[in-house]
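> Attaching a predicted model along with its sequence, questions to come.
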Amino acid sequence: MKKSLIAGNWKMYKTPNESIAFAKMLAENIKLYDDRDILICPPFTSLFPVSRMLSGQSCLKLGAQNVSFEHEGAFTGEISTVMLSEMGVEYVICGHSERRNIFGENNDIINKKVKKTASAGMTPILCIGEKLEERENGKTFEVIGSQIKESLDGFAQPERLVLAYEPVWAIGTGKNATPEQAEEVHSFIRELMADLFNARLSENMKVIYGGSVKPDNIDSIMRQKNIDGVLVGGASLKADSFARIVDYKA
Ligand code: PGA
């Protein structure tokens, strides 16, 4: 059985103390599911205290929002895969649209981050997605296609990968893609992955959706055939809304 993945991206919210209190509340309130993995991605500064607090006893997995593609060295302000692994981090978000569009990360940089993450034994969550004008100009598939091809060029561990389709126009805007719009892109991604790697890998891998996922749209999103989970920003910052999302009914 392929488990779904429900991931919360806290972005630059919550201090270490706020994170501990919040993660504790989630760990107490979210039950164990056989068919879904639940992931929280706090800021770097909260990973260590949250990891200690959870100490492997909870249903919550831990993810980071970014990583360096370098191993170690004179790279001021960067965080390495070794540092993350030691804190129990299992997933790393690579190439979130805020990294691409605000901090100038391109597919080359993201490609190195994906490879570094996987070779360190963690799962990269590679984010891809078109901007509004690209969608309006009929370029969605072209953009998604080149993001995937370039970010995965020479990647030898695709069985470790999660892909997150996050249309940029739907992130933090309250404007989500309709489940049908998302499904259309997810099925395109599935076909492309079968071409680039193989059909079995494409079938077995998780392709998740992100962009204004909320308690009131989660069920219809998760009902789509090619959607294997969600990456949630704003609605993952409140315990009741995240718990409802985790408890989706497909
Ligand atoms: P949002 O963010 O749920 O607030 O739209 C999603 C994301 O950026 O991953």
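Done, it's in.
> how about the residue in the chain sticking out farthest from the centre, secondary structure?
The centre of the chain is farthest from one residue, A74, which by CA atoms, centre = their mean lies 28.2 Å away. Under DSSP: H, G, I helix; E, B strand; the rest coil, A74 falls in the coil class.
> Distance-wise, check it relative to V143.
In this view, A74 and V143 are 35 Å apart by CB to CB, to the nearest Å. C-beta here means a position set from N, CA and C on the backbone, and glycine is covered the same way.
> Now do the contacts for the residue of the chain at minimum distance from the ligand.
When distances are taken as CB to the nearest ligand atom, the chain reaches nearest to the ligand at G233, 2.3 Å away. Contacts for G233 (CB atoms under 8 Å, 6 or more residues apart in numbering) come out as N9, K11, I171, G172, G210.
> who are the neighbours in contact with the last one?
Read it as G210. If you count contacts by CB under 8 Å, 6+ apart, G210 has them with N9, C127, G129, A164, Y165, E166, A170, I171, V230, L231, V232, G233.
> Also the third one?
By CB under 8 Å, 6+ apart, the contact list for I171 reads S97, E98, G129, G210, G211, S212, G233.
> What's the ChimeraX line that selects buried ones from these?
Here is the ChimeraX command that selects the buried residues among the contacts of I171 (16 or more other CB atoms under 10 Å):
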select :97,98,129,210,211,212,233
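> with the contacts of I171 in mind, which one is nearest to C41?
Checking the contacts of I171 against C41 with CB to CB, the nearest one is G233 at 9.8 Å.
> And the contacts of G233, which two are furthest apart?
With CB to CB as the measure, no two of the contacts of G233 lie farther apart than K11 and G210, at 11.8 Å.
> what does the chain have sitting close to the ligand?
For the chain, the residues in contact with the ligand (CB under 6 Å from any ligand atom) are 9, 166, 171-172, 210-213, 231-235.
> Now, those residues that are in helices?
Among the residues of the chain next to the ligand, no member falls in helices (DSSP state H).
> Excluding chain neighbours, give the residue nearest to G129 in space.
Spatial nearest neighbour of G129, chain neighbours left out: E166 (4.2 Å); criterion: CB to CB, 6 or more residues apart in numbering.
> which residues does the one you found contact?
Shown in contact with E166 (CB under 8 Å, 6+ apart): H96, S97, C127, I128, G129, Y209, G210, G211, L231.
> For the residue nearest to the fourth one when sequence neighbours are not counted, grab the count of nearby residues.
Spelled out, that is I128. The shortest distance from I128 to any non-neighbouring residue, by CB to CB, 6+ apart, is to Q147 (4.2 Å). For Q147, the count of nearby residues is 21 (other CB atoms under 10 Å).
> isn't Q147 right up against D108?
No - using CB atoms under 8 Å as the test, Q147 is too far from D108 to be in contact (11.6 Å).
> Any stretches of this protein with poor pLDDT?
For the chain, residues meeting the criterion pLDDT under 70 lie at 56-57.
> So which residues of it form strands?
Along the chain, counting by DSSP state E, strands occupy 4-9, 36-41, 60-64, 91-94, 123-128, 162-165, 206-210, 229-232.
> and A239, which of those is closest to it?
Among the strands of the chain, strand 4-9 comes nearest to A239, with 10.5 Å by CB to CB.
> As PDB, could you dump the C-alpha coordinates of the closest one?
Only the C-alpha atoms of strand 4-9 are listed here, as PDB (Å, rounded to 0.1, in the frame of the first residue of the first chain):
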ATOM      1  CA  SER A   4      -0.100   9.300   1.600                       C
ATOM      2  CA  LEU A   5       2.100  12.100   2.900                       C
ATOM      3  CA  ILE A   6       0.600  15.100   4.800                       C
ATOM      4  CA  ALA A   7       3.300  17.700   5.300                       C
ATOM      5  CA  GLY A   8       3.200  21.000   7.200                       C
ATOM      6  CA  ASN A   9       5.600  23.700   6.100                       C
END
